[in-house]
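Participant: Sharing a sequence plus its predicted fold:
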Amino acid sequence: GDSVTQMEGPVTLSEEAFLTINCTYTATGYPSLFWYVQYPGEGLQLLLKATKADDKGSNKGFEATYRKETTSFHLEKGSVQVSDSAVYFCALSGAGSYQLTFGKGTKLSVIP
Amino acid sequence: NAGVTQTPKFQVLKTGQSMTLQCAQDMNHNSMYWYRQDPGMGLRLIYYSASEGTTDKGEVPNGYNVSRLNKREFSLRLESAAPSQTSVYFCASIPPIAGVGGEQFFGPGTRLTVL
């Protein structure tokens, strides 16, 4: 079945550092890929998505590129802020499906 | 629009007690979902409802039942709570014409502790 593997956390960075959170997936066909973010005490909200190979999703300075050849969707941000401290989830929905399969989440803490 | 709402926010139960978690959305969405979130496990799908009147099991349905009361509401029931059901529960919904790659909208969660 479908699965998502993302890097284990927690990740602690200083403000303005570069962020990469790795995500790889296993799925048949051409899934849609997502990054969701969960701020403390809140539900998940969509950060960005990509629906086909080579698409780049971007939002709030975050980017991720759908790489079919490496089955990856790594999340990057050039300069993190304290307000980016949250848990980040990589997820996929299989071709023709609305159901999401989540990775285990990566907790990011950004210190001033 | 309130989006997806969940009640209660917090609940403590004793083993064997029952309770119902409520979820409602005011966005005219068709599909609704119940997930549980456990440390180091990500989110796992318990049950989902593709449309009013239909429900299907997800990855971890044992110990739970659901009711799709109408298009707005989707409840999750624990008939006899167990400590293994201590978790944070999230409800989500998706728009009717989302198509492939549609975004799921999440509620704020219910934190449940079973003693």
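Facilitator: Cool, got the structure.

Participant: Quick check: residues of chain A near chain B?
Facilitator: Neighbours of chain B within chain A, by Cβ under 8 Å from any Cβ of the partner chain: A:4, A:32, A:34, A:41-46, A:49-51, A:89, A:93, A:95-96, A:98-100, A:102-105. The C-beta positions use only the backbone N, C-alpha and C, and glycine is treated the same way.

Participant: ok, A:Val11 - contacts?
Facilitator: A:Val11 makes contacts with A:19, A:21, A:106-109, as judged by Cβ atoms under 8 Å, 6 or more residues apart in numbering or on different chains.

Participant: re earlier: and the residues of chain A next to chain B, which of them are buried?
Facilitator: The neighbour count (16 or more other Cβ atoms under 10 Å in any protein chain shown) marks A:4, A:32, A:34, A:43-44, A:46, A:49-51, A:89, A:93, A:98-100, A:102-105 as buried among these.

Participant: A:Phe89 against A:Trp35, yeah?
Facilitator: Yes. A:Phe89 is in contact with A:Trp35 according to Cβ atoms under 8 Å; the separation is 7.1 Å.

Participant: can you pull the contacts of A:Val110?
Facilitator: A:Val110 touches A:12-15, A:17, A:80-85, counting by Cβ under 8 Å, 6+ apart.

Participant: now it, which residues is it bridged with?
Facilitator: Taking DSSP bridges as the rule, A:Val110 bridges to A:Leu13.

Participant: same check, this time on B:Val88
Facilitator: B:Gln37, B:Arg111.

Participant: Which strands or helices does the lowest-mean-pLDDT helix or strand in chain A pack on?
Facilitator: When each helix and strand of chain A is scored by mean pLDDT, DSSP states H and E, strand A:101-102 comes last, with a mean of 91. Here strand A:101-102 touches strand A:3-6, strand A:86-93, strand B:42-49, going by 3 or more Cβ pairs under 8 Å, 6 or more residues apart in numbering or on different chains; DSSP states H and E.

Participant: contacting residues for the nearest residue to B:Ser31 once chain neighbours are set aside?
Facilitator: Counting by Cβ to Cβ, 6 or more residues apart in numbering or on different chains, B:Ile94 is the residue found nearest to B:Ser31 once chain neighbours are left out, at 4.6 Å. Residues in contact with B:Ile94 (Cβ under 8 Å, 6+ apart) are A:98, B:29-33, B:102-105.

Participant: and with 6 Å instead?
Facilitator: Listed by Cβ atoms under 6 Å, 6 or more residues apart in numbering or on different chains, the contact partners of B:Ile94 are A:98, B:29, B:31, B:102, B:104.

Participant: most surrounded residue in the residues you listed?
Facilitator: B:Gln104 (26 neighbours; other Cβ atoms under 10 Å in any protein chain shown).

Participant: In this structure that one contacts B:Ser93, no?
Facilitator: No. Contact criterion Cβ atoms under 6 Å: B:Gln104 and B:Ser93 do not qualify, at 7.0 Å.

Participant: where do the helices sit along chain A?
Facilitator: Taking DSSP state H as the criterion, chain A carries no helices.

Participant: which stretches of it have low pLDDT?
Facilitator: Applying pLDDT under 70 to chain A picks out residues A:96.

Participant: what about the strands in it?
Facilitator: Assigned by DSSP state E, chain A shows strands spanning A:3-6, A:11-14, A:19-21, A:23-26, A:32-38, A:44-50, A:56-59, A:62-65, A:75-77, A:86-93, A:101-102, A:106-111.
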